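K.L.:
need coordinates for the below:
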Amino acid sequence: MSMKVESPEVADIKANLAQVTEQIDQLVQQSRRPQGSVRLLAVSKTKPLSALSAAYEAGQRAFGENYVQEAVEKYHALSHLTDIEWHFIGPIQSNKSRLIAETMHWVHSIDREKIARRLSEQRIEGLPPLNVCIQVNISGEESKAGIALSDVDGMVALIKTLPNLRLRGLMAIPAPQESHAAQCAVYAPLVEAFVDLSKSDSMIDTLSIGMSGDLAAAIESGSTMVRVGTAIFGERDYSAKA
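P.N.:
Presented below is the predicted three-dimensional model:
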């Protein structure tokens, strides 16, 4: 009887995923939060299908993509894996909104009324509402997408009028900070806004913050979903094809 030998790539991804999951569990415990209160979103942009399949085999189900065409190609190529959850986390162009509305389960990067309306209008009949997060530009960076924190209430009100969207929470990508304390301080106003929203609506349960560089601060601050890519899949290869 021959034993199945995994390729180095598959073995590495499985080991990396286990290590990241253990790190998250430890940080959750250190923050005295309930086990399982933070979900891992594996950021798989630019990674080949073999890498996603390896992560899937190791138990990962939620994958984050930044580029529309790549995300749609992967969605179709892995359609036989019916329990994969596809999250779009990148900027959205108006002419690409239909592709997202027709394939994704989540969108984390809602920051314009026009995009929100288009996603709702273009969602295919019969599909459940698209889970969405509002992207907030908490560092006030001109180069970053996202709305101002002061505009969140207006966007919340709008999304709640759109029948094919389901508002789940807030997302942010802050500017890099020099210390753990500074990272927590940047997140504090966003966390306060999220807590207020979740008190008024039980469906608002997702605070999508935290990447490899600020994982501890994000989890301590109350993140419910962290986005990790390189630590799972290795360095990005932008020439890679799905």
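K.L.:
contact partners of the helix or strand harbouring A55?
P.N.:
Secondary-structure element containing A55, defined by DSSP states H and E: helix 49-57. Contact partners of helix 49-57, identified using C-beta atoms under 8 Å, 6 or more residues apart in numbering, comprise 9-10, 13-14, 17, 42, 44, 63, 74, 77-78, 81, 84, 232-233, 242. All C-beta spots, glycine's among them, are computed from the backbone N, C-alpha and C.
K.L.:
centre of the chain to that helix, how far?
P.N.:
Its chain's C-alpha centre and that of helix 49-57 lie 18 Å apart, by C-alpha atoms, centre = their mean, to the nearest Å.
K.L.:
and stretch 72-92, what's buried?
P.N.:
Applying a neighbour-count criterion of 16 or more other C-beta atoms under 10 Å, one finds 72-75, 78, 84, 86-92 buried in stretch 72-92.
K.L.:
run through the bridge partners of M225.
P.N.:
For M225, the beta-bridge partners are R39, S208 (DSSP bridges).
K.L.:
what is the burial count for it?
P.N.:
If you count neighbours by other C-beta atoms under 10 Å, M225 ends up with 24.
K.L.:
again with the one 5 residues further on
P.N.:
Using other C-beta under 10 Å, the number of residues around T230 comes to 12.
K.L.:
so where do the strands sit in this protein?
P.N.:
Counting by DSSP state E, one finds strands in the chain at the ranges 39-43, 62-65, 85-88, 106-110, 130-136, 165-172, 206-208, 225-228.
K.L.:
how about the ones you listed, which one is nearest V191?
P.N.:
strand 206-208 (6.9 Å; C-beta to C-beta).
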